[in-house]
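Engineer: Following is a predicted model, sequence given first.
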Amino acid sequence: MAATGEKKLVRSQSGLRMVCMNANDTSPFTLPEPQWIPDADMGYCMNRNCQAKFDFMKRRHHCRRCGKVYCNTCCDKKLPLPRMCFVDPVRHCNNCYENTLKENEFYDKHLKTLLTGGEFLMLDQDENSDSSESFLCKLSSNNRLLTFEGENRKRESILVDRIEAVQVVTTDIDTQGNKMGTGIALRYKDNYGDSQTVKMEVIDGSSSKKQGMTWVAAMQKAFKMIFESRTDSSYP
C-alpha cells in the first residue's frame, strides 16, 4: 500500500498529471479527468456560435477540462488546471477557460489561507453554557480534513467532503446598521452519519479578527467549489 501523501506521475491523452497513489489522500477539490469525445463522432466545432466543419486545414482540438471537440479558434487558451492535477498548463475551450480562471484564484490565494488557519472561539453546543475555548482551525495538507487544535485539547476533525452547509454568523451591527459577520457555522455528517453543527466565532483583536474573517471567506469559496461539483451536470 502506498504511503500517506505519496504521489505518482501519470500520462494520459490530455497530458501529465501528478496524482495520489492512495485514493484516500485525494483532495475533495479534485475533479476527474473527462473522457474525450472521439474524433470520429464529431465533424464540426462544438461551440454553438461557431460550428465550423473540420477538414484537412481546420483540425480538431479537445478541451482538457470538458473533453469536447473544438476548432483551434474556440480552444486555443492554455491554463494550469490544478483541479485535475495537470503538471503543465493545458488547452481549454472558451467556457472552461473562464471557470478554471476563477478556480485558480482559489488555489493561488484562498487555499493558502485555509492551510494557514484561523483562531476561533468554539462555542459549546449547550446554549445555556458560557464555556468556550479558542482553537486554531485549519485545513490539512491533503485538503481532506478540518482540524481543531486548542491549548489544552484537540477536537474531532471534520471531513471536508462531509460538510453539508456553511453559513456566516452575523451578530454585530456596524455604525450604519448593517449586519457584520462574526464567525461561521458548519453543518456536517459525523462518522456515524448523523448531522452535527459546529459554531465558531472570530477572536477580537486586529490581527486575529482579520485573519479569522479571511479564513471564513476562504471556507465559503471552498464549500462553493465542492457543492457545485456535486450538483452541476457540466462538471465531468
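Structural biologist: Ah, there it is. Numbers count the residues shown, from 1 in each chain.
Engineer: Can you classify the residue of the chain most remote from its centre as helix, strand or coil?
Structural biologist: For the chain, the largest distance from the centre (Cα atoms, centre = their mean) belongs to residue 56, which lies 40.4 Å off. Going by DSSP: H, G, I helix; E, B strand; the rest coil, the secondary structure assigned to residue 56 is coil.
Engineer: Going by neighbour count, list what's buried in the helix or strand of the chain with the lowest mean pLDDT.
Structural biologist: Counting by mean pLDDT, DSSP states H and E, the chain has its least confident helix or strand at strand 163-173, which shows a mean of 82. Taking 16 or more other Cβ atoms under 10 Å as the neighbour-count basis, strand 163-173 is seen to contain the buried residues 163, 166, 168-169. Yep, even glycine has a C-beta here, placed from its N, CA and C like the rest.
Engineer: I'd like those residues as JSON lines, with distance to residue 78 appended.
Structural biologist: Formatted as JSON lines, those follow (distance: Cβ to Cβ, whole Å):
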{"residue": "163", "distance to residue 78": "33"}
{"residue": "166", "distance to residue 78": "33"}
{"residue": "168", "distance to residue 78": "36"}
{"residue": "169", "distance to residue 78": "41"}
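Engineer: Out of those, flag the one nearest to residue 132.
Structural biologist: Minimum distance to residue 132 across the buried residues of strand 163-173 is 13.4 Å, recorded for residue 169 (Cβ to Cβ).
Engineer: The closest one is in contact with residue 202, isn't it?
Structural biologist: No: look at residue 169 against residue 202 with Cβ atoms under 8 Å: they stay out of range, at 9.1 Å.
Engineer: which residues are common contacts for the two?
Structural biologist: Shared between the contact lists of residue 169 and residue 202 (criterion: Cβ atoms under 8 Å, 6 or more residues apart in numbering) are residues 182-183.
Engineer: circling back: spatially, which pair of the buried residues of strand 163-173 is furthest apart? Let me know, please.
Structural biologist: 163 and 169 (15.6 Å).
Engineer: That's all I had, so thanks and see you.
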